[in-house]
Every structure is written in structure tokens, then in C-alpha cells.
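J.: Using only what follows, build the 3D model:
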Amino acid sequence: MKTALAFMLTLASILVACGGDSDGEETAAPSPTAEPAAEIPIVDITKTDEGFEAPDSIPGGLTRFRFHNAGTGPNGVVLLRFKDEGTLDQLRDAYALGATDFAASATEVYRLTTHEGGTGLIAPGGEADVVLDLAPGRYVILRFPAIGGAITRELEVTAPPDARPAPPESAFTVGMFEFAYVGFPDTLPPGKTTVEVVNEGRQFHLMDVRRVNEEDISAEQVRQHLGGSPLPVEPTYTFAGGMAELEPGDSGWVTLDLEPGVYTLTCLIFDRRDGAIGKLHTDLGMHYAFTVE
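T.: Below you'll find the model as predicted:
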């Protein structure tokens with residue numbers, strides 16, 4: 001009897017230790033703790049009147065570039081990646097051609113490099129924020145716009161980290177085509193809005209954003225003006241950022257920080273067909289106007 005009682009007590013203690021209960025229900029095993037998502041690394045680039053302040057090397061993959069304009073004029077930043085064995089001296093010589101032969105200069109720049117995005121122009125004291133997905137390689141940082149811009153330094157992009165962050169969440173996606181912006185809404189709220197920009201065309205495209213300074217001019221009037229219709233007063237503009245040149249099929253994210261007003265999108269790239277340099281894309285219809293309210 002004592003032996004049977006001892007056995008029952010031992011069995012009960014084992015069941016309690018294993019999480020059993022008198023109803024025979026099992027206690028669920030604790031869920032594994034989820035690993036926190038990797039964050040997109042931030043790289044600060046500052047433009048002064050003397051040049052750029054930027055790191056010499058960064059990891060590849062998704063990277064958030066925060067551009068600070070500490071110069072006295074409007075500035076932006078463009079990233080170009082060297083093809084094959086292109087050199088900085090060759091690229092400088094290619095830009096030097098622009099003084100006498102713009103078409104030859106552009107052809108040589110495109111032969112040596114690919115366009116990896118960047119920011120549109122921003123006013124002195126302003127900031128811009130873009131996210132780009134960079135492949136490893138040798139890059140060069142230049143002022144936006146790239147053609148005629150000052151070449152200041154190289155940037156080495158190494159292999160991306162093993163933990164890949166998720167892409168930024170965007171309010172909408174705008175497609176760039178020959179020759180239009182597709183998907184940009186008529187109105188945006190004031191403040192910050194993150195936009196995914198995709199080059200779905202066959203040529204390089206960019207999205208330059210500017211605020212119309214004149215009051216009492218509607219976005220519809222500005223659209224007509226960009227298409228060639230006159231306005232009572234020729235408007236002036238304040239630079240508000242955007243996305244620099246992207247290769248066909250490439251994309252990036254830009255966070256626009258906008259005050260109320262009317263804004264324009266324009267593509268300041270020259271048309272290139274059959275090796276010839278034509279009109280600016282904006283003069284071929286690649287423009288838009290919207291309202292922030």
C-alpha cells in the first residue's frame with residue numbers, strides 16, 4: 001500500500017513539473033521572440049561651397065541618404081557608379097568636353113558610368129532624404145545636375161550586410177515614362193510624404209520638385225503654363241528636392257517635406273534618340289503640377 005501511494009505521489013509530481021493539470025490540458029510552449037527588423041542605415045552628405053563632406057566607404061544595399069545643403073546656392077547630390085575600369089580622370093575629361101561638345105560629353109559620361117539616383121535641388125540651408133538600393137562598386141559623388149557638375153570625390157560601396165532591411169513604406173508610387181509622370185496625385189497633405197519613384201521608361205529620367213512662389217496661381221494654370229500657355233506673371237520657384245537621374249528599370253524612394261502651395265515636377269534630361277541630343281524631356285511633355293493643402 002505504501003509502495004502504491006509513493007508511486008502515485010511521484011507520478012503526480014512529474015505531471016506538475018511537466019505542466020500537466022487535473023483536466024489533462026497541455027500548456028502551450030512559449031513563442032520564440034521575433035528578431036527586430038534591420039533598420040535602413042543612414043549616410044549623411046553635406047554640400048559646402050568647397051565640396052562634399054561624406055564617408056569614403058559604405059556598405060551596399062538599401063541606404064538612406066540625408067543631404068544637407070550648407071552652401072550659398074541651390075544644390076543636390078548625384079551618385080554615379082563606374083562601369084568596368086572607368087577612372088575619375090576619364091570622367092573629369094568627359095565633363096570637360098561639355099564646354100565645346102555637349103553631345104560628346106554626355107555620350108562619354110554614359111559610357112563610363114551608370115546613374116544611381118540622388119536628390120533634386122534644394123535651397124541653401126535645406127535638407128533632402130532619399131533611399132537607394134546600391135550594388136557594390138566604385139561610385140563618384142557630384143553636384144546635381146550631373147552634367148556640368150563639380151566632381152569632388154569617390155565613394156566605395158562594399159557588400160551589403162546579411163540582415164537586409166525592408167524597403168520604406170511609401171504613400172504612393174510614381175512612374176516615369178517618355179514623356180510623363182504617372183501616379184502622382186493632384187493634392188498632398190503638408191509635411192512629409194514618402195514617394196517611391198520608378199523609371200519605367202527607356203531613357204534616363206529624374207523628378208525635380210519646385211514650389212511656385214507666386215500666390216493666386218492654381219496647379220491647373222501651372223500645368224497649362226508648363227505646356228506652353230502664358231501666365232499673367234512669369235512664376236519664380238523655390239527648389240524642393242526630388243529624385244536625381246535613375247537608369248531605366250531602377251527605382252528609389254524620396255521623402256518630400258512640403259509646405260502648402262503649388263508645386264511642379266519636371267524632368268531636366270535632354271532627349272537622346274539615335275545618338276542625337278534633342279529637347280529637354282520637360283519640353284516634350286514630362287511635367288506636372290500639384291497642390292499641397
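J.: Residue ranges in this protein under the pLDDT threshold?
T.: 1-37, 145-150, 275 (pLDDT under 70).
J.: Kindly report the domain assignment for it.
T.: 38-163, 168-293 (automatic domain parsing).
J.: For D208, identify the helix or strand it belongs to.
T.: strand 205-212 (DSSP states H and E).
J.: Quick check: neighbours of that strand in the sheet, parallel or antiparallel?
T.: Using DSSP bridges, strand 205-212 pairs in its sheet with strand 237-246 (antiparallel), strand 261-266 (antiparallel).
J.: quick one, which of those strands is packed in tightest?
T.: strand 237-246 (a mean of 25; mean count of other CB atoms under 10 Å). (Each C-beta comes from the backbone N, C-alpha and C, glycine too.)
J.: Show me how far that one is from its chain's centre.
T.: Relative to its parent chain, strand 237-246 has a centroid offset of 11 Å by CA atoms, centre = their mean, to the nearest Å.
J.: same check, this time on stretch 97-111
T.: A distance of 26 Å separates the C-alpha centroid of stretch 97-111 from that of its chain, computed with CA atoms, centre = their mean.
J.: tell me which residues of it are tucked away?
T.: 97-98, 105-110 (16 or more other CB atoms under 10 Å).
J.: Can you get me a residue count around the nearest residue to H287 once chain neighbours are set aside?
T.: Taking CB to CB, 6 or more residues apart in numbering as the measure, H287 lies nearest to L226, with 4.2 Å between them; neighbours along the chain are not counted. Residue neighbour count, defined by other CB atoms under 10 Å, stands at 18 for L226.
J.: mind checking the backbone torsions on L226?
T.: As for L226, its main-chain torsions (degrees, to the nearest 10) stand at phi -60, psi -30.
J.: who's in contact with G252?
T.: By CB atoms under 8 Å, 6 or more residues apart in numbering, the contact list for G252 reads 117, 130-133, 196-197, 243, 246.
J.: Go again with 6 Å.
T.: With contacts defined as CB atoms under 6 Å, 6 or more residues apart in numbering, the neighbours of G252 are 117, 130, 132, 197, 243.
J.: Could you give the separation of stretch 102-115 from the chain centroid?
T.: Relative to the mean C-alpha coordinate of its chain, stretch 102-115 is positioned 22 Å out (CA atoms, centre = their mean).
J.: still on that earlier bit, name the residues that touch the strand holding D208?
T.: Counting by CB under 6 Å, 6+ apart, strand 205-212 makes contact with 120, 176, 197, 199, 222, 235, 237-245, 261-268, all of which sit outside it.
J.: what's the answer for stretch 272-279, then?
T.: Identification of contacts with stretch 272-279 by CB under 6 Å, 6+ apart yields 103, 270-271.
J.: in the stretch 51-200 of the chain, which spans are helices?
T.: Per DSSP state H, counting those that start in this stretch, the stretch 51-200 of the chain carries helices over the ranges 88-96, 102-112.
J.: Of all the residues in the shortest one, which ones are buried?
T.: Residues of helix 88-96 classed as buried by neighbour count (16+ other CB under 10 Å): 91, 94-95.
J.: Format those residues as TSV; extra columns: distance to V212.
T.: Listed next are the buried residues of helix 88-96 as TSV, based on distance: CB to CB, whole Å:
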residue	distance to V212
L91	35
A94	35
Y95	32
